[in-house]
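> Everything below, folded, please.
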Amino acid sequence: MVSCSVYKLLKEGSRYVKNGKKLDRTDIILPRGYVEEKNYSWETNGLWHEKDEEKTNAFYKAQELKYKAKQDAQRKKGQLTEVMSEILENANKSNKPTKSATKKEEAVDSTEELDVLKAEYQEKFGKKAHHLWGIDKLKEKLQ
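So this is what the prediction gives:
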């Protein structure tokens with residue numbers, strides 16, 4: 001890749017000449033082979049690509065810095081993943097009850113209560129309670 005400026009050349013008869021060139025585009029990055037190919041046939045295509053080695057070097061340095069920054073970010077991401085994994089592993093090892101365990105216990109208790117209320121309903125009315133009735137509805141019916 002190379003940084004270059006593109007000039008349109010003036011036509012003199014059937015050929016183009018470099019002494020009358022007009023700037024078309026500046027500071028564009030193009031493949032080096034493409035620029036060399038176009039410059040080889042400048043007399044027939046009417047374009048001249050003027051390479052700027054300083055800007056080309058600056059482009060490569062910027063690309064290298066971007067690459068290094070990306071590598072650093074990936075390394076930091078890996079370290080963060082390791083730390084988070086360790087934290088989660090330590091959290092799982094602790095014996096403290098979690099909210100989800102408490103909710104499971106509540107669900108078991110409410111299921112047992114629902115079974116008891118359904119049995120009471122069947123005793124009182126001689127038929128099974130409706131399968132969609134919850135605890136509140138059964139308590140209401142039993143009063």
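> pLDDT (mean, whole number) over stretch 17-33?
Per-residue pLDDT values over stretch 17-33 give a mean of 84.
> what's the answer for stretch 69-86, then?
89.
> Over to stretch 133-143?
Average pLDDT, stretch 133-143: 88.
> just checking, what packs against the helix ranked longest in the chain?
Under DSSP state H, the helix in the chain containing the largest number of residues is helix 53-93. Judged by 3 or more CB pairs under 8 Å, 6 or more residues apart in numbering; DSSP states H and E, helix 53-93 is in contact with strand 2-12. Placement of C-beta: from N, CA and C, glycine included.
> 10 Å instead?
strand 2-12, strand 15-30 (3 or more CB pairs under 10 Å, 6 or more residues apart in numbering; DSSP states H and E).
> Need the winner for burial among the ones you listed.
Highest mean neighbour count of those: strand 2-12, a mean of 17 (counted as mean count of other CB atoms under 10 Å).
> Give me the distance from that strand to the chain's centre.
Taking CA atoms, centre = their mean, to the nearest Å, one finds the center of strand 2-12 at 40 Å from the center of the full chain.
> swap in stretch 30-42?
The answer for stretch 30-42 is 37 Å, by CA atoms, centre = their mean.
> And this protein, what are its domain boundaries?
2-51, 55-96, 100-142 (automatic domain parsing).
> quick revisit: just the angle for the longest helix of the chain relative to strand 2-12, thanks.
Helix 53-93 and strand 2-12 are oriented at 150 degrees to each other (axes from the mean of the first three to the mean of the last three CA atoms, to 10 degrees).
> what's the angle between helix 53-93 and strand 15-30?
Going by the same axes, to 10 degrees, helix 53-93 makes 20 degrees with strand 15-30.
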